[in-house]
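J.: Model the structure of this input:
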Amino acid sequence: MLYALTLYVLLIVGLLASVGFLVLHRPRRFFRAVEINASWWVIIVGLWYARSLALLGIRGVRPEHAWWDVALSLGLLAAIDGLLVVRFFSYVGYLRDHPKDPPTAA
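T.: Predicted coordinates:
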């Protein structure tokens, strides 16, 4: 039960960070090298997390996993979540430091 709850939490946190970044970033030209570098990995991981969350809801969790399998899956999910959360908050910091409309001189 704790394993399933931890999986749900990690997948939801990663999915929210991915969607939050894409909502803030609003990529316009998907096939430019800058956009591929900035957005595509977030899109791919977000789709992977959404699929995993749907499959977890449909199939559930099999409790007969070995301890190292559980540790590896939770560790990898936590590491990827960390990357997504850092990406989201670094972009929020970038938006704060670089406003879209510069102040006008009076």
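
J.: Please, where are all the helices along this protein?
T.: When assigned using DSSP state H, the helices of the chain occupy the ranges 2-25, 33-35, 41-59, 67-97.

J.: what does the third one rub up against?
T.: Going back to what we said before, that points to helix 41-59. The contact list for helix 41-59 (Cβ atoms under 8 Å, 6 or more residues apart in numbering) reads 4, 7-8, 11-12, 14-15, 18-19, 21-22, 80, 84, 87. All C-beta atoms are positioned from the backbone trio N, CA, C, and that covers glycine.

J.: One more: the second one?
T.: Contacts of helix 33-35 from elsewhere in the structure, counted by Cβ under 8 Å, 6+ apart, are P27, R28, R29.

J.: Now do the second one: how many residues are near it, please.
T.: By other Cβ atoms under 10 Å, the residues close to R28 number 7.

J.: Which pLDDT value goes with it?
T.: pLDDT, R28: 74.

J.: how about the nearest residue to it, chain neighbours excluded?
T.: Nearest non-adjacent residue to R28, counting by Cβ to Cβ, 6 or more residues apart in numbering: E35, 7.7 Å away.

J.: The last one too?
T.: Once flanking residues are discounted, R29 sits nearest to E35: 5.6 Å by Cβ to Cβ, 6+ apart.

J.: Please state the offset of the worst-scoring helix or strand of the chain on mean pLDDT from the chain centre?
T.: Between all helices and strands in the chain, the lowest mean by mean pLDDT, DSSP states H and E belongs to helix 33-35, at a mean of 72. Computed by Cα atoms, centre = their mean, to the nearest Å, the separation of helix 33-35 from the middle of its chain amounts to 18 Å.
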